[in-house]
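In: the following block contains a protein sequence and its predicted model.
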Amino acid sequence: MSDDDDAIPGDGRDESENERLDRNWNEMLQELRVIQTGTQILTGFLLAAAFQSRFDDLDDYQRTVYLCLVVASILTTVFGLAPVSLHRALFRMRAKDRVVHLTDRILEFTMIGVAVTLAGTALLIFDFVLGRAAGLVAGAVVLAAVLALWVVVPRVARRRRHLDLRA
């Protein structure tokens, strides 16, 4: 479920299960606000690009990448907005635990969509401006940075935190 599920007991918080769920939900809402803003701006940029005069200069590969990016960006926006619908459907049903659990999973898919869209956008822009090789390198660099900062660093920090708390 959330990061608190495998937290070390005695973290200094004196909260009930409902208070913990409320806190987790509020933290997830903050994450969603950041993700939604970014994905909506990026989706808008991608949608507007098709109406630019130089769009006709794209080759078949670039058009395919572009269309894949539009789909990825729209799906990422859908995932980013899904917790709102989930919350609406389960509102006042005493299902906050389900909302928090499912939103946690949805956020993971949303982050994957953001990563794909960012790397693909770098690939497309560099490919268009500097050529295919530069595009592939730029896309790979962005994807590597995302993996390092969004996957590796948090896992290392989490592992160290668990070791520090157990010492």
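Out: All right, it came through fine. Residues are numbered from 1 along each chain as shown.
In: how many neighbours does G113 have?
Out: Other residues near G113 come to 22 when the count uses other Cβ atoms under 10 Å. All C-beta atoms are positioned from the backbone trio N, CA, C, and that covers glycine.
In: pLDDT below threshold where in the chain?
Out: Applying pLDDT under 70 to the chain flags residues 1-12, 167.
In: I figured E15 was touching R23, is that so?
Out: Yes - contact between E15 and R23 holds when scored by Cβ atoms under 8 Å: they sit 6.9 Å apart.
In: who has more neighbours out of these two?
Out: Under the neighbour definition other Cβ under 10 Å, E15 and R23 were set side by side, and R23 has more, 15 against 12.
In: element containing that one, please.
Out: Here R23 sits within helix 17-49, counting by DSSP states H and E.
In: what angle sits between the helix or strand that that helix is followed by and helix 17-49?
Out: Sequence-wise, the next helix or strand downstream of helix 17-49 (DSSP H and E) is helix 60-90. Between the axes of helix 60-90 and helix 17-49, defined by axes from the mean of the first three to the mean of the last three Cα atoms, to 10 degrees, the angle is 150 degrees.
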